[in-house]
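K.L.:
Just to be clear, the model below is a prediction. Sequence and coordinates:
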Amino acid sequence: MGAVLIMSPYLYRRRVGRYFREQKLPVERILTANDSGVCIARTDGAAETRTNWSMFDKSVESSNLFALFPNLRQFVPIPKRAMTPEQQQEFRALVAAHVQDRSDRWTRQSRGKPPL
């Protein structure tokens with residue numbers, strides 16, 4: 001039993017590493033944003049994620065990326081290098097129009113109070 005517990009982290013790392021190598025990363029992604037939400041699709045057609053703007057509670061912009069937060073512990077990074085300056089302006093306007101800062105409900109939930 002002890003040998004299994006000792007080897008588990010090592011075997012898990014090997015399995016995860018093999019999984020990523022088999023995917024032949026990096027795979028390019030296509031970002032589409034409009035009034036209904038954000039769509040991120042792989043160029044090989046293997047996956048597509050659509051998210052409505054209402055799912056995002058907060059947005060943050062840094063010098064290198066936009067970050068959309070669906071909750072306190074997760075975020076969707078959107079690198080600015082993938083966009084032209086005009087596309088960045090359009091995306092900034094969409095985010096400003098559709099993402100209201102509702103991060104105060106995170107602190108209310110962490111204090112045991114119901115969300116707003």
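P.N.:
Looks like it arrived, so ask away. Numbering: from 1, shown residues only.
K.L.:
what's the helix or strand for the closest residue to residue 48 other than its chain neighbours?
P.N.:
Distances taken as C-beta to C-beta, 6 or more residues apart in numbering place residue 41 nearest to residue 48, at 4.2 Å, with adjacent residues excluded. (C-beta placed from N, C-alpha, C; glycine too.) Taking DSSP states H and E as the definition, residue 41 sits inside strand 37-42.
K.L.:
on contacts alone, who are the packing partners of the helix or strand just after that strand?
P.N.:
With elements assigned by DSSP H and E, the helix or strand that comes after strand 37-42 is strand 48-52. Packing contacts for strand 48-52, counted by 3 or more C-beta pairs under 8 Å, 6 or more residues apart in numbering; DSSP states H and E, involve strand 37-42.
K.L.:
go again using 10 Å as the cut-off
P.N.:
strand 29-34, strand 37-42 (3 or more C-beta pairs under 10 Å, 6 or more residues apart in numbering; DSSP states H and E).
K.L.:
Strand partners (parallel or antiparallel) of it?
P.N.:
strand 37-42 (antiparallel) (DSSP bridges).
K.L.:
For the partner strand, buried residues please.
P.N.:
The neighbour-count check on strand 37-42 (16 or more other C-beta atoms under 10 Å) flags 37-38, 40-41 as buried.
K.L.:
got the contact list for the residue nearest to residue 48?
P.N.:
28-32, 47-50 (C-beta atoms under 10 Å, 6 or more residues apart in numbering).
K.L.:
Show me the residue at the heart of this structure, geometrically.
P.N.:
When C-alpha atoms, centre = their mean is applied to the chain, the residue found nearest the centroid is residue 76 (2.0 Å).
K.L.:
picking up where we left off before, relative to residue 50, how far out is the residue nearest to residue 48?
P.N.:
Using C-beta to C-beta, to the nearest Å, one obtains 9 Å as the distance from residue 41 to residue 50.
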